[in-house]
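Enquirer: heads up, no residue letters with this:
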C-alpha cells in the first residue's frame, strides 16, 4: 500500500467514513498516551536519559574537522581572495571626500528608485554624519554591499540550476532549510577553525545566511514563468541559454528582485555577528562594544545606524523592482532630471577630488546618547520595584509551570517526597481519564487526546515530560497531518536529539521558544486584525514592523537587559519582540487577501460583522495565518541563540559556550538539533495548511 493510501489529508477528506476514521484514530492514540503516562509513573527509570546508550556525534564531528584541517592553508587563501573586494571598497569609501560619497549615493538611489528613496538615503547618510559614525558606517556599507553581491550571484546561479535540474532541487531545498534554521553561531565555529578571525569569516557567514532568499525566489520566479513563453522561445530556435536570458529571466524579474530585497535585509542582520568574529572598525563592532560595556544610549544610537542603512537599501530595492518592470515608463521630466543630476554629480565629484573640502558638523547638531542613558537610569530607579514584581509574577505563574510543571512547583523543594508525587500522579491520571472521557463523548476523541497531552505537559513541565510521551504525541500529530513520511521524520528528528544527548537542552529551547510564540500569537494577532480592518492603524503598524525586522538581533537585548537583568524572562521578551513581526504581517496580509465576494455573500445572507469575521474571513485567511506562525517559530529559534547571552539556557547556550571554547563538534551538533526542530515545525505547519485548504475545497 502506498503512502498516499493511508495519508489522512486525502483519506479523511475524500471518504464518507473520514469522520469515523478520525474518531477511531484519536481514540487509539488517547489510549496509548494514557498507557505511556502510567508506564512513566510506575517505572520512572525508563524515562531517564542517563540509562540510554548515547551516540558520540560531537566527537565524530571533531574527528572529521581534525582531518579537514589539512585544507586550512588553502581555505585561508580563498578567504583572502573573497575579502579582497570588501577591503578595496572599504578603503575607497573611507578615502573619498564625504560630500562626494553623499552625492554619489543619493544620485545612485535616484537613478535606481526615484525621488522618494533618494530622500530616504539622504536622511540616513545625514544621520550617519550627525551621530559621528561616518567612517564606521562606510565600513559596514562596504561589507553589506559585497555580501549582497556575492549572495545574489551565488543565489541566482544555484536557483537556475535548481530550476533546470529537478534532481538538484531535491537536495537544494533541504540544504536551504538547514541554512535558514541553523543558528549562525553554530557554523561560525568551523569557519573560525578554517579561516581564523578577520573580515573574511564575517563575509562568508553573511553570504551563507543571505543567499537562501535569493535561491528560493529565483527558483520560484523561474517556475512561475508560463510554459507558453518558453515554448515560443523554443519554436523561434533559441538555445537553452538564450531562452533563459531572453525569455525566462525577464519574465521572472520581479520575483528575482524580491529575492534581492530579502537578501539585502538578511545581509544587514549579520553585521553584528560579523563584527563578533571579525573585530574590525565598523558599526557592528561599535554596537557590540556598547552592549558589553552596558552603554545603552551609545548602543541605541549606533544600532540605529544599521537599522537606517537597512531600511534605506530596502526602500531602494523595493522601488527598483517597479522601476525595472518592462511596462514601467520613465516620464520625460524625470529622465531630464536624471541626466542633470548625473552631470551635477560628476562636476561636484571632480571638485571634491581636487580640493578635498573638510566637512565640519556643528556640535549642537550632533546626536548624543547621554540623554538616553540619563532617562533610562531614572526610569529604572523610579520603577525598580514594579519591574521586579512584573518579572517575578510572570516567571512564577507562567514560565515556571511551563518549564518544570505544576507538580514540582506545588510540591516545593523541601516537601517533594516520592509518596507525594505518587499521590499526585494517581489523582492526575484519574482526573485525566475522567475529563477526557467526558470530552470524547461530548466533543471528540481528538479534543480528549490533546486535553490529556496538555494536562500531562502542565503537570510534568516541558523539561520533565517523558521523552517517549513527547515523541508519540508529535508523531501522532504528524501522522494525522501528513501521513507516514511526516510521522517517520518526526520520530527520527526526536530520536536523533534523544540519542545524541541533547534532549534536555532541546526541551528547554522548546519551552522558551514555545512560550515566546504563544505570547506573540496572543499579542500579534489582534494587532494584525486591527491593521487589516483599520486604515488608520495600518500606516502605523507597517513602519514599526519594518523597524523591528531590520534591527539587528543583538539590539533587542539592550532595553530588556537593562530593565529586567539576566534570565529566562529577559530572553523571552527579546524572542517575543522579534517573533511577533511575522504574526502581525501575515495576519494583516491574510485578512486582506480574503476575496470580497465571500464577504458580500455572507452579508447578503444576513450575517453580522462578527459572524462574517469568525465564519468567513478567519477560515479563509487561516492558511496565511499558519504561515505566520511558521515564520514566528523560525524567528524565535534564530533569536534563541542570541538570547543565550543574557542567561537563557538550552541549545543556544550550548552553541555559545562551544563557540567560546572552540568546540566545533558540540556547537554544530546543537545547531543541527535546532535546525531539525525548526524544520520539523515547518513541515507540520505546512501540512496543517494543506489539510485546511483541502478541507475547504471538499
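Expert: Arrived safely, thanks for sending. It should be emphasised that the depicted structure is a prediction, and the values quoted were computed from it without experimental measurement.
Enquirer: Quick check: residue 298 touching residue 283?
Expert: No. Using C-beta atoms under 8 Å as the test, residue 298 is too far from residue 283 to be in contact (11.5 Å). In short, each C-beta sits where N, CA and C put it, glycine included.
Enquirer: Looking at those two, which one has more neighbours?
Expert: residue 283 (30 against 23; other C-beta atoms under 10 Å).
Enquirer: who's in contact with the more buried one?
Expert: Counting by C-beta atoms under 8 Å, 6 or more residues apart in numbering, residue 283 makes contact with 133, 136, 137, 139, 140, 271, 275, 302, 305, 306, 309.
Enquirer: can you pull the pLDDT of the third one?
Expert: Here, the pLDDT recorded for residue 137 equals 85.
Enquirer: Ok, residue 648 next?
Expert: 78.
Enquirer: can you map out the helices along the stretch 201-350 of the chain?
Expert: When assigned using DSSP state H, counting those that start in this stretch, the helices of the stretch 201-350 of the chain occupy the ranges 227-235, 240-243, 249-251, 253-269, 271-278, 283-292, 296-323, 332-355.
Enquirer: Can you redo these as TSV, where the extra columns are mean pLDDT and distance to residue 169?
Expert: TSV is the format used below for the helices of the stretch 201-350 of the chain (pLDDT from 0 to 100; distance: least, C-beta to C-beta, whole Å):
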stretch	mean pLDDT	distance to residue 169
helix 227-235	79	17
helix 240-243	79	17
helix 249-251	83	18
helix 253-269	78	16
helix 271-278	66	29
helix 283-292	73	34
helix 296-323	75	25
helix 332-355	70	40
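Enquirer: Contacts for stretch 522-538 next, please.
Expert: 541-542, 576, 580-581, 583-588, 590-592, 625, 628, 632.
Enquirer: Just the pLDDT at the residue nearest to residue 653 when sequence neighbours are not counted, thanks.
Expert: Nearest in space to residue 653, with sequence neighbours left out and distances taken as C-beta to C-beta, 6 or more residues apart in numbering, is residue 644 at 4.1 Å. Looking at residue 644, its pLDDT reads 77.
Enquirer: for residue 644, what are its contacts?
Expert: Taking C-beta under 8 Å, 6+ apart, one finds 571, 650, 652, 653, 655, 656 in contact with residue 644.
Enquirer: Among those residues, the buried ones, what's the PyMOL command?
Expert: Buried subset of the contacts of residue 644, written as a PyMOL selection, criterion 16 or more other C-beta atoms under 10 Å:
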select buried, resi 571+650+652+653+655+656
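Enquirer: of all the contacts of residue 644, which comes closest to residue 183?
Expert: Checking the contacts of residue 644 against residue 183 by C-beta to C-beta gives residue 655 as the nearest, at 5.6 Å.
Enquirer: Mind giving me the PyMOL select for the contacts of stretch 522-538, buried ones only?
Expert: Burial among the contacts of stretch 522-538 is assessed by 16+ other C-beta under 10 Å; the matching PyMOL selection reads:
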select buried, resi 541+576+580+581+583+584+585+586+587+588+590+591+625+628+632
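Enquirer: Among the contacts of stretch 522-538, which are located in strands?
Expert: Assigned to strands by DSSP state E, none of those qualify.
Enquirer: Please narrow the contacts of stretch 522-538 to those residing in helices.
Expert: Using DSSP state H, 541-542, 576, 580-581, 583-588, 590-592, 625, 628, 632 are the members of these that sit in helices.
Enquirer: what's the nearest residue to residue 186 if we skip its chain neighbours?
Expert: Once flanking residues are discounted, residue 186 sits nearest to residue 671: 2.4 Å by C-beta to C-beta, 6+ apart.
Enquirer: To what extent is that neighbour buried, counted in neighbours?
Expert: Residues near residue 671, counting by other C-beta under 10 Å, number 26.
Enquirer: if we can go back for a sec, and the two most separated of the contacts of residue 283?
Expert: For these, the farthest-apart pair by C-beta to C-beta is 275 and 309; their separation is 14.2 Å.
Enquirer: The two: who's more crowded?
Expert: More neighbours surround residue 275 than the other of residue 275 and residue 309, with 27 against 23 (other C-beta under 10 Å).
Enquirer: Which of the residues in the strand or helix carrying residue 496 are classified as buried?
Expert: Residue 496 belongs to helix 484-499 when assigned by DSSP states H and E. Buried residues in helix 484-499, counted by 16+ other C-beta under 10 Å: 484, 486, 487, 489, 490, 491, 493, 494, 496, 497, 498.
Enquirer: List the neighbours of that helix that are in contact with it.
Expert: 3, 6-7, 49, 52-55, 467, 470-471, 474-479, 503, 506, 673, 676-677, 679-680, 683-684, 687.
Enquirer: Please report how far the nearest residue to residue 216 once chain neighbours are set aside lies from residue 474.
Expert: Leaving aside its sequence neighbours, residue 216 sits nearest to residue 176 (C-beta to C-beta, 6+ apart; 6.3 Å). The gap separating residue 176 from residue 474 is 23 Å, by C-beta to C-beta, to the nearest Å.
Enquirer: go on, residue 678?
Expert: Counting by C-beta to C-beta, the gap from residue 678 to residue 474 is 14 Å.
Enquirer: Show me which of these two is the more surrounded one.
Expert: When residue 678 and residue 474 are compared for neighbours, residue 678 comes out ahead with 24 against 19, by other C-beta under 10 Å.
Enquirer: Isn't the more buried one up against residue 637?
Expert: Yes. Using C-beta under 8 Å, residue 678 is in contact with residue 637, at 4.9 Å.
Enquirer: where do the contact lists of the two overlap?
Expert: Common contact partners of residue 678 and residue 637 (C-beta under 8 Å, 6+ apart): residue 181.
Enquirer: Among the contacts of helix 484-499, which ones are in helices?
Expert: Counted as lying in helices by DSSP H, out of the contacts of helix 484-499, are 467, 470-471, 474-479, 503, 506, 673, 676-677, 679-680, 683-684, 687.
Enquirer: Could you say whether the spatially most central residue of the chain sits in a helix, a strand or coil?
Expert: Among the residues of the chain, the one closest to the centroid is residue 635, at 2.9 Å (C-alpha atoms, centre = their mean). At residue 635, secondary structure determined by DSSP: H, G, I helix; E, B strand; the rest coil is helix.
Enquirer: Do I have it right that it meets residue 584?
Expert: No. Contact criterion C-beta under 8 Å: residue 635 and residue 584 do not qualify, at 11.8 Å.
Enquirer: Give me the common contacts of those two.
Expert: Common neighbours of residue 635 and residue 584 (criterion: C-beta under 8 Å, 6+ apart): none identified.
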